[in-house]
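Q: here's my sequence, what's the structure:
(2 chains)
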Amino acid sequence: MKCEEFEEILSLYIEGEISGKIKTNLEKHLQECSNCKSFLTSMLDIKKTLSNFPELEVSNNLIENILRKTKPKKGISLIIPYLEPALATLAALIIIISLLIPHSQKIYLAIEKQIYSIYGEIKELEVKGESLKGILIGYKENLLDSFKEKNFILFKIKPLKEKLKLEEKNGRKENNSTFSS
Amino acid sequence: MEWKRVVQRCIDGDREAWEMLVRKYSKRIFNLAYQFFGIYEEAEDITQEIFLKLYKCLNQYNFEINFEAWLIRLAKNYCIDHYRKIKKEKLKRADFNKLEYIKTDNSNPENDFLMKEKLRVVFEGLQNLNPEIRMAILLRDIHGMSYEEIAQIMELPLGTVKSRINRGRIQLVKNLREKIEK
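A: Numbers count the residues shown, from 1 in each chain, chains lettered A, B, ... in the order given. Here you go, the predicted structure:
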């Protein structure tokens, strides 16, 4: 076994986690190798230094700060902090509802007034619609009359055009016979 | 004292129980933070933050597991996360040498100086370790916890914990030797 490999198990050795043949080989190697022995000494020294590491006292200021910053708000227990937003919303709703209850009659009257006002506007629109209907009927009749008139003119013009075309045709024929003779 | 009962009282909103819990565990958490970061003021701030976090999530505590192990796991997670956040800044500051706060038992000034010097060197070696390995060494060699307890706190298999502590110790010896050679 090489020194690096012994190094790898030294930590386990000082914890008493190695036994049997590996332990015997390691102890034999430690007697022969000054480098590994020195490595083991350093490791034990560090372990001892760390285990004797003094504990610091906590300042009262730190404890007071922790207690102050974790002081629960009035009426809310320690378990509740994560429910605070939901509870705040609920509280706000309760306050709004309780404020509105004494004025419920007034609110009802206001809504009723609004409904009547809308109903009046609808009736007004209906009347306007009726008068518009009469006007449109008048327009309709005028429009029909004008259409009839236009149709009449067209009726007159069309046969006239056909008559002119026929006369023109006959005229050409007469001319042709004159030249040929 | 049955601490689980105290925890239950805290959850129920008992202010006295909460104060008792803070007084009982703040020293342990503060020392862990100080050993991990090496800066007194930072350890105080971190302890405060850990307790604020504990206060908020105390109702999530599973009564089937050991409370102290649960709290140390919370502290360990906070310390490692915080270390990663401030790593660059911390490397620039590199002021983890405030060992004047530490009082040794030596009445002899020379021995006291040597003891503090040794502590300083080991402490600096610790700061150079990977944060997970450093935390495992702290829990094992300073806090004297068993490998099983550390595995529970670190949320790692037992073999991994043993291997990390082993690697950490080898690294500490090598760092110390390099210092002496310089």
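
Q: show me where pLDDT drops low in the chain?
A: If you meant another chain, say so; for now it's chain A. Under the criterion of pLDDT under 70, the regions of chain A flagged as low confidence span A:1, A:72-84, A:102, A:147, A:150-160, A:173-181.

Q: not what I meant, chain B
A: Within chain B, the stretches with pLDDT under 70 are B:1, B:88-107, B:182.

Q: hey, which helix is longest across it?
A: The residue-count maximum for a helix in chain B (DSSP state H) belongs to helix B:67-93.

Q: so the very next helix or strand once past it, near chain A or not?
A: Proceeding C-terminally, helix B:67-93 gives way to helix B:109-127 as the next helix or strand, assigned by DSSP states H and E. Yes - Helix B:109-127 is in contact with chain A by Cβ under 8 Å from any Cβ of the partner chain, via B:118-119, B:122, B:125. Yep, even glycine has a C-beta here, placed from its N, CA and C like the rest.

Q: run through who's touching stretch B:60-75.
A: Outside of stretch B:60-75, the residues that reach it under the criterion Cβ atoms under 8 Å, 6 or more residues apart in numbering or on different chains are B:3-4, B:7-8, B:11, B:25, B:28-29, B:32-33, B:50, B:53-54, B:57, B:139, B:149, B:152-155.

Q: and if we set it to 7 Å?
A: With Cβ atoms under 7 Å, 6 or more residues apart in numbering or on different chains as the contact definition, stretch B:60-75 has outside contacts at B:3-4, B:7, B:25, B:29, B:32, B:50, B:53-54, B:149, B:152-153.

Q: the chain - how does it break down into domains?
A: Since you didn't name a chain, this refers to chain A. The record, using automatic domain parsing to delimit domains, assigns chain A the ranges A:1-39, A:107-165.

Q: actually it's chain B I care about, not the one you picked
A: Domain ranges of chain B: B:1-96, B:100-182, per automatic domain parsing.

Q: rebuild these as CSV, extending it with mean neighbour count and distance to A:Lys148.
A: Listed next are the domains of chain B as CSV, based on neighbours: other Cβ atoms under 10 Å in any protein chain shown; distance: least, Cβ to Cβ, whole Å:
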stretch, mean neighbour count, distance to A:Lys148
domain B:1-96, 17, 90
domain B:100-182, 17, 98
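
Q: ok, which of those comes nearest A:Thr49?
A: For these, distance to A:Thr49 was read as Cβ to Cβ. The smallest value, 4.9 Å, belongs to domain B:100-182.

Q: from the chain's centroid, how far away is that closest one?
A: Domain B:100-182 has its C-alpha centroid displaced from the chain centroid by 11 Å (Cα atoms, centre = their mean, to the nearest Å).

Q: likewise for stretch B:23-36?
A: Once both centres are worked out by Cα atoms, centre = their mean, stretch B:23-36 turns out to sit 7 Å from its chain's centre.

Q: is chain A within reach of that stretch?
A: Yes - for stretch B:23-36 and chain A, the contact criterion (Cβ under 7 Å from any Cβ of the partner chain) is met by B:23, B:26-27, B:30-31, B:34-35.

Q: next, count neighbours for A:Thr24.
A: Around A:Thr24 there are 11 other residues, counting by other Cβ atoms under 10 Å in any protein chain shown.

Q: ah, wrong one, I meant A:Pro85
A: A:Pro85 has 9 neighbouring residues, counting by other Cβ under 10 Å.

Q: just to revisit the earlier point, A:Glu130: which of the contacts of stretch B:60-75 is nearest?
A: The shortest separation between A:Glu130 and any of the contacts of stretch B:60-75 is 75.2 Å, and it belongs to B:Lys53 (by Cβ to Cβ).

Q: work out for me the element the closest one sits within.
A: When secondary structure is defined by DSSP H and E, B:Lys53 falls within helix B:40-57.

Q: could you export that helix as CSV, CA atoms only?
A: Written as CSV, here are the backbone C-alpha positions of helix B:40-57 (Å, rounded to 0.1, in the frame of the first residue of the first chain):
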residue,chain,number,x,y,z
TYR,B,40,-18.8,37.8,14.3
GLU,B,41,-21.2,40.5,13.0
GLU,B,42,-22.2,38.3,10.1
ALA,B,43,-22.8,35.4,12.4
GLU,B,44,-25.1,37.6,14.4
ASP,B,45,-27.1,38.7,11.3
ILE,B,46,-27.3,35.1,10.1
THR,B,47,-28.5,33.8,13.5
GLN,B,48,-31.2,36.5,13.4
GLU,B,49,-32.3,35.5,9.9
ILE,B,50,-32.3,31.8,10.8
PHE,B,51,-34.6,32.5,13.7
LEU,B,52,-36.9,34.6,11.6
LYS,B,53,-37.1,31.7,9.1
LEU,B,54,-37.7,29.3,11.9
TYR,B,55,-40.5,31.5,13.3
LYS,B,56,-42.2,31.5,9.9
CYS,B,57,-41.9,27.8,9.2
